[in-house]
Every structure is written in structure tokens, then in C-alpha cells.
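K.L.:
what's the 3D shape of this:
(one chain, ligands or ions: 1)
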Amino acid sequence: MDTISLIGKELAAALNSDTAERAAALTERGAAPRLVLVVANDDPASGWYVKSLQRAAGRLGIDCDTVDLGATATADAIRSQLRGLCADIAVDAVMLQTPLPDGVALQDVSSAIAAAKDVDGVSPHSLGLLATGLPGFPPATSEAVVELAKHHDIPLAGKHVAVVGRSNVVGKPLAQLLLAEDATVTVCHSRTTDLPAVTAAADIVVAAAGRAGLITGDHVREGAVVIDVGTNEGPDGKIVGDVDAASVQGKAGALSPVPGGVGPVTTALLMRHVVRAAEASRA
Ligand code: NAP
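P.N.:
Numbering: from 1, shown residues only. You can find the predicted model right below:
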């Protein structure tokens, strides 16, 4: 069977073109959209991600500043910084980078991000809005999975989707978004018994475990759609997904590449959220 590649580039380009136009319109009105990234780590991967967000914002006409609190920042210091930024009318959007300092959990500090500026949907408030179907910003990575599927005309309504991963930033919000699309969702995790049997029963498998090569051909039924959210460092330092592409190719009906699948759509959606937040605050 030919396995279609669910490339994210085209969709990201279309989203970015709309975002750039809207950012330009805001700037023309003297209200350039402004995103602030809050960092409290010295992790190289996080540093790389921050730079890539700054570049993406710059290309789209979004102002992007970084506040670096250092890798030993306390939960109080992080909360206080987040509250200050959320109270600042010149800031439209706030993103807190992970990892956080030892002993600081995301849920301990994310409630300090106001939902209107929480463009990556990490706060308990934003996640509650998502779970109850109220307007808010969903986590961009989860939204990217749904938008990538729609862009490639993959139906979700009535389909059985197995999501591998139950984190608050990817797996759980993705399950909510898929339910809102009328999919039937099974959420798997590290204690799931017989993962290959569960995923092989699904029409669509989404891999979001952060384990290189976890999903093999044995986990996928003939013709199923496989969307790979994982970003792991491979043995040669290159980024690889959670899917063992070699064994899934030829069996799956479609597979999203890593890199080049979910990733570019995630960044494009984040930037669209920033512009939306700016439009709402300047309305
Ligand atoms: P996380 O917080 O570490 O959560 C991983 C989840 O996978 C957990 O629920 C864990 O189960 C489950 N898991 C781990 N090993 C498993 C196994 N062997 N079998 C079944 N389930 C297993 O990770 P995350 O933040 O959700 O991120 C997941 C992946 O997505 C990572 O590779 C991350 O880099 C990537 N990511 C990509 C983007 C993007 O834009 N492309 C954005 C964000 C994240 P337990 O709950 O039982 O521990």
C-alpha cells in the first residue's frame, strides 16, 4: 500500500499568510501584536525552540520578547512575572517555556497566565474552557493534529482514534479536541496493557509519548492513519518521531513526517493565536 505523507508545510504557509496580513493590519493601527516568552531553564532544546519562535514571530510581523528568569527561579518569582505580564496592556500573549526549575510543576505556576493571553492553552482555566467546549486557546500542538488531519481530508467524525500519551499539554487536550470532532477516543499511556492491540484497533493512531520508535508496524492496522507528534533526539542528533517510519510505511494509509508534519503547523497556530489575542484585546 502507498502511504501518503501528511506534510504540514502547505497548511502552515496558508495559516502564516493569514496571520501576517492580520498582524500588518494591527501594526497599521499602531497596535503591533506582542508575544512574551518566559524562560526559567538553561536547557539547550528549550533555547533552540525559543529562537525558532522568535524567528517565526519576526517573519510574521509579531513583536516577540523573552524574559529569562534563570534556571533556579522559584515558583513565586515565575508566578509574579506571569501576573505582571498579564496585567500589562502592551502584552497580548504570554508563553511559559518548559522545562521549569527543579521542584516547580507547570500546574503550580500556569494558573497565573490569564486565559485571554494564554496562547498555548496551558493554564487550568484554558484547559477547563476546552473541556467544556467554551471559547479559549487550545494547546497548539493538539490543535495542530486536528488541523493537519482536516487539511489532508481525513475524516474524524465517528472514527476510532487512539492517542498514545496523556500529558496535560498534548494527549489530554487532544482527546478533548477529537471528542469535539465526534471521534471515538481511546487515550493510552505507559500503564496501558497490550498497547499494540489497542492501537491496532484504531482508524487513526496519534503518537505523543516522547519515545523514539515506540509505534511500529505491529501497532498499526492496514490502511490506518498515523500522526506522529513525538520529537526525540535520534542517535545522530537529528530529530526523530515516536513512530518507526520504516516499519509503518507501506502498511499505514497515511503517516505524518518528523520533522515537517505536526511541528510547522504547531508554530503557525501559536502565531495565529497571538494575533487573535491581539485583535481581541484591541477591539
Ligand atoms: P510527556 O509529558 O512526557 O508525556 C508522555 C506521555 O506518553 C505520558 O502520558 C506517558 O504515560 C506516555 N508514555 C510514555 N511512554 C509510553 C509507552 N511506552 N507506552 C505508552 N505511553 C507512553 O510528553 P509530552 O509533553 O506530552 O510530549 C510528547 C511528545 O510530543 C514529546 O516527544 C514531545 O517532544 C512532543 N511534542 C511535540 C510538539 C510539536 O510541536 N511537534 C509539541 C509538544 C510536544 P504516563 O502518563 O503513564 O507516564
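K.L.:
what sits against the closest residue to the ligand within the stretch 1-150 of the chain?
P.N.:
The nearest approach of the stretch 1-150 of the chain to the ligand comes at Thr141, 3.8 Å away (C-beta to the nearest ligand atom). Bear in mind the C-beta positions are built from the backbone N, C-alpha and C, glycine included. Neighbouring residues of Thr141 by C-beta atoms under 8 Å, 6 or more residues apart in numbering: 169-170, 174, 208, 229, 262, 266.
K.L.:
doesn't it fall inside a strand?
P.N.:
No. If the criterion is DSSP: H, G, I helix; E, B strand; the rest coil, then Thr141 is helix and not within a strand.
K.L.:
ok, it to Thr267 distance?
P.N.:
Applying C-beta to C-beta, to the nearest Å, the value for Thr141 to Thr267 is 10 Å.
K.L.:
which secondary element of the chain has the worst mean pLDDT?
P.N.:
Scoring the helices and strands of the chain by mean pLDDT, DSSP states H and E places strand 232-233 at the bottom, with a mean of 91.
K.L.:
show me what secondary structure element comes after that one.
P.N.:
strand 239-240 (DSSP states H and E).
K.L.:
what helices and strands are in contact with that following strand?
P.N.:
Here strand 239-240 touches strand 232-233, going by 3 or more C-beta pairs under 8 Å, 6 or more residues apart in numbering; DSSP states H and E.
K.L.:
for the strand it packs on, name the packing helices and strands.
P.N.:
Short answer (3+ C-beta pairs under 8 Å, 6+ apart): strand 232-233 packs on strand 239-240.
K.L.:
and after the strand it packs on, which helix or strand comes next?
P.N.:
Moving toward the C-terminus from strand 239-240, the next helix or strand (DSSP H and E) is helix 245-248.
K.L.:
just the mean pLDDT for that following helix, thanks.
P.N.:
Rounded to a whole number, the mean pLDDT of helix 245-248 is 97.
K.L.:
ok, now which ones touch Ala201?
P.N.:
Under the criterion of C-beta under 8 Å, 6+ apart, the contact list for Ala201 reads 160, 162, 221.
K.L.:
quick check on those: which are buried?
P.N.:
Neighbour counting by 16 or more other C-beta atoms under 10 Å classes Ala162 among the contacts of Ala201 as buried.
K.L.:
I'd like the contacts of Ala201 as CSV, with pLDDT, distance to Asp108 and secondary structure appended.
P.N.:
What follows is those, written out as CSV (pLDDT from 0 to 100; distance: C-beta to C-beta, whole Å; DSSP: H, G, I helix; E, B strand; the rest coil):
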residue, pLDDT, distance to Asp108, secondary structure
His160, 98, 35, strand
Ala162, 99, 31, strand
Arg221, 98, 41, coil
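K.L.:
turn the contacts of Ala201 into JSON lines, including distance to the ligand.
P.N.:
Listed next are the contacts of Ala201 as JSON lines, based on distance: C-beta to the nearest ligand atom, whole Å:
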{"residue": "His160", "distance to the ligand": "17"}
{"residue": "Ala162", "distance to the ligand": "10"}
{"residue": "Arg221", "distance to the ligand": "18"}
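K.L.:
mind checking pLDDT for the residue of the stretch 1-150 of the chain closest to the ligand?
P.N.:
Looking at Thr141, the pLDDT reads 98.
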